[in-house]
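> The amino acid sequence is not available; the structure is as follows:
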């Protein structure tokens, strides 16, 4: 429990952390809401972190007002994960199971780009972000690299970074249910 911190504003928030999994969820109330689970410790970006997580989307919502982000970031944000200064994320928009990838190191930004892989509703998937080459960060879904022709450059990042799972919605009654079943951050220097 001590390795993770949570944040929530309205909605249902984050539950289950004590049981070695976490559920980030929203109820069907038209309000601005946020739920976040993030690491209580950080890793230096120079240590070339590798983020690994098993995540299942059980409710993608019914409106684009919902955003789902998970990966590595320099912090958290009360309402908008895109406002975090440095981040490397898998991203989903509400009402669509398309998995997108994005990065921003405050100098170089690659906007959310469709990986052409879709999440399967109610099914866990294995996600990896490999930062061993900060000029070309690599994304994997179920062990298969995605977007190999797109450059995700984090070489200007100063970090440190923490693992984060962040859902948010603007004033809408869309629901959400994102389940984090496993998360590990390794450093590329130890491989």
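Noted; the coordinates are in hand. The model shown is predicted, which means the values in this text are computed figures rather than measured ones.

> And the residue nearest the centre of this protein?
residue 70 (0.5 Å; C-alpha atoms, centre = their mean).

> ok but that residue is inside a strand, no?
Yes. Counting by DSSP: H, G, I helix; E, B strand; the rest coil, residue 70 is found in a strand.

> who does it bridge with?
Beta-bridge pairing of residue 70 under DSSP bridges involves residue 90, residue 165.

> So it sits against residue 90, correct?
Yes. Assessed by C-beta atoms under 8 Å, residue 70 is found in contact with residue 90 at 5.5 Å. Glycine gets a C-beta too; all of them are placed from N, C-alpha and C.

> what is in contact with these two at once?
Counting by C-beta atoms under 8 Å, 6 or more residues apart in numbering, the shared contacts of residue 70 and residue 90 are 55, 127.

> got the buried residues for the host helix or strand of residue 180?
According to DSSP states H and E, residue 180 maps onto strand 176-187. For strand 176-187, burial by neighbour count (16 or more other C-beta atoms under 10 Å) applies to 176, 177, 178, 179, 180, 183, 185.

> what's the neighbour count on the residue nearest to the first one when sequence neighbours are not counted?
Counting by C-beta to C-beta, 6 or more residues apart in numbering, residue 26 is the residue found nearest to residue 176 once chain neighbours are left out, at 4.3 Å. Here the neighbour count serves as a burial measure; for residue 26 (other C-beta atoms under 10 Å) it reads 28.

> just to revisit the earlier point, sort out which one of the buried residues of strand 176-187 lies nearest residue 43 for me.
Of all the buried residues of strand 176-187, residue 43 sits closest to residue 185, with 5.7 Å by C-beta to C-beta.
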